[in-house]
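Peer 1: Pasting the sequence and the predicted coordinates here, then a few questions.
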Amino acid sequence: MQEKAAFLEGFIKGLSMDTNSEYSKAIKEIVNCISEISKEIDDLNERVDVLEEEIYEINDILDDSCDCGDNCCCKVKCEKCGTENHLKHEHINNCDCNFKCQNCGCDLKIDTCQCGDEDCECER
């Protein structure tokens, strides 16, 4: 953003405009405003990046029950083959209640629904 604003500032300076006209003064102020806004946006983007990193670090600290990354919600062991299955947020949130073992395809038994939906109609 700042590069585009700097280009506009240079472009305006390169134009042969009457510096005393109201039109020229208005354009110059608009370009200055755009430049300030672009600096603020870039600063905010940097802050968001820093905060996202901190959030990931906090999630890693709090979610010590699983080491498979941010997408894992919980681990469920298959009663048939013993495979530890990782259930992802997208499945839980969509209330996809038909979980199958990743190894043998057997139905997984989950004691409680973890989708967080108060109106959930899961048969668990």
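Peer 2: Yep, it's here.
Peer 1: Okay, domains of this structure per the record?
Peer 2: Structural domains annotated on the chain: 2-62, 69-118, as defined by automatic domain parsing.
Peer 1: what helices or strands is the host helix or strand of Lys4 leaning on?
Peer 2: Per DSSP states H and E, Lys4 falls inside helix 2-14. If you count contacts as 3 or more C-beta pairs under 8 Å, 6 or more residues apart in numbering; DSSP states H and E, helix 2-14 packs onto helix 22-62. Yep, even glycine has a C-beta here, placed from its N, CA and C like the rest.
Peer 1: quick one: average pLDDT of stretch 28-46?
Peer 2: Stretch 28-46 shows a mean pLDDT of 92.
Peer 1: CA atoms of the helix holding Lys4 as CSV?
Peer 2: This file holds the C-alpha atoms of helix 2-14, laid out as CSV (Å, rounded to 0.1, in the frame of the first residue of the first chain):
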residue,chain,number,x,y,z
GLN,A,2,2.7,2.4,0.9
GLU,A,3,4.4,1.9,-2.5
LYS,A,4,1.3,2.8,-4.3
ALA,A,5,0.8,5.9,-2.1
ALA,A,6,4.4,6.9,-2.7
PHE,A,7,3.9,6.5,-6.5
LEU,A,8,0.8,8.8,-6.3
GLU,A,9,2.8,11.4,-4.3
GLY,A,10,5.6,11.3,-6.9
PHE,A,11,3.1,11.4,-9.8
ILE,A,12,1.4,14.5,-8.3
LYS,A,13,4.7,16.3,-7.8
GLY,A,14,5.6,15.5,-11.5
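Peer 1: on that earlier part again, would you mind finding the most buried of the domains of the chain?
Peer 2: For those, the largest average neighbour count (mean count of other C-beta atoms under 10 Å) is found in domain 69-118, namely a mean of 14.
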